[in-house]
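**Student:** Quick one, structure for this:
(one chain, ligands or ions: 2)
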Amino acid sequence: MNILIIGSGGREHAIGLKIFEQNNKSNIFFAPGNGGTRKIGENVNLDLLDHQTVINFCSQKDIKLVIVGPEQPLVNGIADDLRNSGINVFGPSKNAARIEGDKSFAKDLMMVKNVPTAKFKIFHKSEMDEAIHFLENGNFPIVIKASGLAAGKGVIIAENFVYAKKNIIDIMEKLVFGNAGNTVVIEEFLEGEELSVFVITDGSEFVILPPAQDHKRIGDGDTGKNTGGMGAYSPVGFFDEKLENEIKEKVIIPILKGLEEADSKFNGCLYCGLINTINGIKVIEFNCRFGDPETQAVLQLIDGDFLGLLYSTAKGKVDKEIVNYNGGSAMCIVVASGGYPDNYEKGFEIFGLDEKFDDNIKIIHAGTILQNGKILTSGGRVLNIVSFNNQNNLKYCKEIGYVALDKVKFDRIYFRSDIGFKAIK
Ligand code: AMP
Ligand code: GLY
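**Tutor:** Ligands and ions are numbered 1, 2, ... in the order given. Sure, this is the predicted structure:
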């Protein structure tokens, strides 16, 4: 089967690699891909904003399935245009992608369907003074979110009124996140351990993949700025059958129903960003796609036909029996460019990628590029060191992960040294 994967991150390399390992008869194209994906398929340069170009490419290459990795093309409606041309797509419509692309839509829908989430209030463009007034009487810390897409940077946790007010002005008046800040959501700060749950769904039926925990902050001990994610592990110890049922009944079933009722039936991976509070599970956010770097860990724990799971979903009826959890554990350590998530330099040669690694290690690429025979850094998050084992032994994953990482070198390399710290005592 010919497959097109859209995106260039670790998530897309991990999805491609899983398909490559399980179905070596597939031809995989990546648009645009990275320095690692070219080894398992072909990187192609397509203008992703020009959907007709993508449709033409799919007809030319007889693409049977398009998998859309990142949120932006989904929010732009790429899945609608491909589907309207008769191409199977794993990924939601523009309407359904609002669950991530418009946080105010997501919050309103959660209210309507009674899905547990932080208490909140929404302020539109002309209501900045009201937002500031609301904050004057707020309980701190308080959470301020730009409603639109802001590359994972649009969430501010404010400890006091002065900082909160500054951020409201930055977002709503100075538009530091562009139009994403035309509307803001101000919400209650929740405490508890977070988990990311991937729901593969055709809009009604669904399969839940093993849950993961991300490490969003740049620094050890969860300090410093929020990033796209600096590491992840799966499964998550406190996720038991009782919690799984609670998530199904209170979150997944009602939100899928709500989406369908809002003319936004969801087809693809619904990412539930959850927090386990003393008052039960609550939703922090929904995303309309797989998480990165969680996917790099989660996919190591799936046996069966992963491509079949995505293909059956794209065709409209998710095959619920086609994959299963293999009982193991996995960890992903993100290797980044020094300076990320702010400014960083690119173009450094990466050494050590051809070293001999443990059999339970995979090196998954993100911001890398092949140039004149050398692999160079080309992004903030550069590589993912993924370790796994067939028992539930995260401590072992961590050990072999950091041993492997030690072999990889480039200028201004940066990584967290404590991935999994909440799970490994
Ligand atoms: P988001 O982009 O919505 O996932 O937010 C990024 C991160 O900010 C989350 O992973 C949480 O760590 C934190 N966060 C977001 N909303 C809240 C909240 N209501 N309470 C506490 N932390 C939050
Ligand atoms: N790792 C967080 C995300 O993919 O949004």
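**Student:** Give the full set of residues in contact with residue 272.
**Tutor:** Going by CB atoms under 8 Å, 6 or more residues apart in numbering, residue 272 touches 196, 197, 198, 199, 247, 251, 252, 283, 286. To be clear about C-beta, it is placed using only N, CA and C from the backbone, and glycine gets the same treatment.
**Student:** Put the alpha carbons of the helix or strand hosting it into CSV.
**Tutor:** Following DSSP states H and E, one finds residue 272 within strand 268-277. Included here for strand 268-277 are C-alpha records, laid out as CSV according to Å, rounded to 0.1, in the frame of the first residue of the first chain:
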residue,chain,number,x,y,z
GLY,A,268,-8.6,10.2,13.7
CYS,A,269,-6.7,10.4,17.0
LEU,A,270,-8.4,12.4,19.7
TYR,A,271,-5.7,13.3,22.2
CYS,A,272,-7.1,13.7,25.7
GLY,A,273,-4.8,15.8,27.9
LEU,A,274,-6.0,14.9,31.4
ILE,A,275,-5.1,15.6,35.0
ASN,A,276,-5.8,13.3,37.9
THR,A,277,-7.0,15.7,40.7
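**Student:** re earlier: could I get the contacts of residue 272 as CSV with pLDDT?
**Tutor:** Converted to CSV, the contacts of residue 272 look like this (pLDDT from 0 to 100):
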residue, pLDDT
196, 98
197, 98
198, 98
199, 98
247, 98
251, 98
252, 98
283, 98
286, 98
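**Student:** Centroid-nearest residue for this structure?
**Tutor:** In the chain, the residue lying closest to the centroid (CA atoms, centre = their mean) is residue 291, at 1.8 Å.
**Student:** Spell out which residues of the stretch 151-300 of the chain are next to ligand 2.
**Tutor:** Proximity of the stretch 151-300 of the chain to ligand 2 is confined to 152, 214, 228, 229, 287, 291, 292, 294 under the rule CB under 6 Å from any ligand atom.
**Student:** Which among those residues count as buried?
**Tutor:** By neighbour count, with 16 or more other CB atoms under 10 Å, these hold 214, 228, 229, 287, 291, 292, 294 as buried.
**Student:** Nearest to residue 423 among the residues you listed?
**Tutor:** Of all those, residue 423 sits closest to residue 214, with 12.4 Å by CB to CB.
**Student:** Which of the helices and strands in the chain ranks last by mean pLDDT?
**Tutor:** strand 223-226 (a mean of 91; mean pLDDT, DSSP states H and E).
**Student:** For whatever residue of the stretch 251-400 of the chain ends up closest to ligand 2, which three-state class applies?
**Tutor:** At 3.4 Å from ligand 2, residue 291 is the closest residue in the stretch 251-400 of the chain, using CB to the nearest ligand atom. With DSSP: H, G, I helix; E, B strand; the rest coil as the basis, residue 291 sits in coil.
**Student:** Make sure it is actually in contact with residue 11.
**Tutor:** Yes: here residue 291 lies in contact with residue 11, judged by CB atoms under 8 Å, at a distance of 7.3 Å.
**Student:** quick revisit: which pair in the contacts of residue 272 has the greatest spatial separation?
**Tutor:** Among these, 198 and 283 lie farthest apart (CB to CB), at 14.2 Å.
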